[in-house]
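Q: 3D, please:
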Amino acid sequence: MGPCLPQVRLRTRLPLESGPDKSSLLTAVDAASALWFALRSPLLLEWEVEFEGGFTAVLAAELSTDTAAAWPPKKCHLSVAPRSAEALGAATSAARALTVPSAATPQQLSDLLLAGSATVVELAPHLAADVAEPAEPRTTLMHPQAASSQTSDIDPPAYVSGQPTLVNRDDRRQIFQPLCLQQWNHDVCGHHALFSLRCLLRDQLHLLRDEQRFWRHAFADVESLVQHGEASGRWPKSSVIGGIVDEMHLRYLVSVDRELIGRATVASTSESLREQLASLGPCPEGRRRVHGFLLPAATHWYSAAVVDTPGSNREVWFFDSYNWALASMQTAEDIETLVECQLEMSRGYCYEKLRLEEPASWLHRPEEHL
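A: Here you go, the predicted structure:
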């Protein structure tokens, strides 16, 4: 027997103009017009469910003429809040919200619920909520290329805490690429890059693949961006609630995190990165220095950290949330091979997407038509 379905609400968004006399009935023509427009107006569907610890989760999705051909829609809105109206009224900002892909698995949604409820309590500790502790890091699925490059002889330097698994390394250039939490929400690469950097700067690389810990950071950072954006007018809530972050968002997050101030910077161009590396100067005598960088690509964010140890060569730790083996790439041919591999995988994904979202047009088409 399956679980009980949560409550569903249907709401139309079409405003209907009323005449001067609101008590008068619509004419048949007006009623027909209202029905015709209502059938074509978007609906917001909300599923609400209560879960352990005194919390309520709401998953919302819009049904419109644009999404009717493919259900569920590509993205939906998830929010987690205290269950009681009194608690929510006392801390309305305690609700945590994020746009997520509808393709998320039950396990992934579970991680989001636990992370969201945990950050609610961190914001409003007076709420007596019994929130589960973050689970131990689980083994995550890797990109095929990353999986093929992971071998037992790829070991990290001995001094690194937790002995993280490496996806790739280049000993000659002292570049190490640890296995990160595999990104499944394609909008949150900036949050992944920031989380990986935090793990290294805190000497907690053993937490790199802790899914719930990552989402706790993401929920908290999104809320910080929402509050600052609304207070300063720098950006609207809608621009950050989906998890996408631009350079100005990451610069702000770094500027308000006492563990990152002075230890991490955004390098928006290769020239900026070279200048910042040069400005680091010699390593302070007698101690190790670590400085992190957030690195933008066309549609992705990476992060890296420079580790300077007196008497040793400079090391670079590189993080990619898709776990492509990038640390050992050196030539144009290496890059071309990687791009071709990515395009091939993207091509197959697009084929499948067309067949799923527009089956009437593409399901039985030969591949050459695609």
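Q: so how many other residues sit close to residue 213?
A: 22 (other C-beta atoms under 10 Å). Just so you know, the C-beta spots here come from the backbone N, C-alpha and C atoms, and that holds for glycine as well.
Q: same question, the one 3 residues further on
A: Using other C-beta under 10 Å, the number of residues around residue 216 comes to 23.
Q: Which helix or which strand is home to the closest residue to it other than its chain neighbours?
A: Spatially, and ignoring its direct neighbours in sequence, residue 216 is nearest to residue 115 (4.5 Å; C-beta to C-beta, 6 or more residues apart in numbering). Residue 115 belongs to helix 106-123 when assigned by DSSP states H and E.
Q: if I pick the residue nearest to residue 216, what's in contact with it?
A: Listed by C-beta atoms under 8 Å, 6 or more residues apart in numbering, the contact set of residue 115 reads 134, 212-216, 218-219.
Q: Retrieve the pLDDT associated with it.
A: As predicted, residue 115 sits at a pLDDT of 93.
Q: from here on, count from 561
A: Understood, numbering begins at 561; the last thing we discussed is residue 675.
Q: how does this protein divide up, domain by domain?
A: Listed by automatic domain parsing, the domain ranges of the chain are 604-693, 704-879, 892-922.
Q: could you dump those to CSV with distance to residue 593?
A: Converted to CSV, those look like this (distance: least, C-beta to C-beta, whole Å):
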stretch, distance to residue 593
domain 604-693, 17
domain 704-879, 31
domain 892-922, 30
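Q: out of these, nearest to residue 595?
A: Shortest distance between residue 595 and the domains of the chain, using C-beta to C-beta, is found for domain 604-693: 15.6 Å.
Q: quick one: residue 777 and residue 751 touch, right?
A: Yes. When contacts are counted by C-beta atoms under 8 Å, residue 777 is listed as touching residue 751 (7.0 Å).
Q: And for residue 768, the neighbour number?
A: There are 25 residues near residue 768, going by other C-beta under 10 Å.
Q: what residues are up against it?
A: Contacts of residue 768 (C-beta under 8 Å, 6+ apart): 697, 724, 738-741, 756, 759.
Q: And the next helix or strand past the helix or strand of the chain at the bottom of the mean pLDDT ranking?
A: Every helix and strand in the chain was compared by mean pLDDT, DSSP states H and E; the lowest is helix 704-709, with a mean of 34. Beyond helix 704-709 on the C-terminal side, the first helix or strand identified by DSSP H and E is strand 726-730.
Q: Direction included, what does that following strand pair up with?
A: strand 735-738 (antiparallel) (DSSP bridges).
Q: Leaving out the residues flanking it, which one is nearest to residue 788?
A: Using C-beta to C-beta, 6+ apart, the nearest residue to residue 788 is residue 812, at 6.2 Å.
Q: these two touch, right, that neighbour and residue 785?
A: Yes. Between residue 812 and residue 785 there is a contact at 6.9 Å, judged by C-beta under 8 Å.
Q: The two: which is more packed in?
A: Taking other C-beta under 10 Å, residue 812 and residue 785 do not tie; residue 785 has more neighbours (23 against 19).
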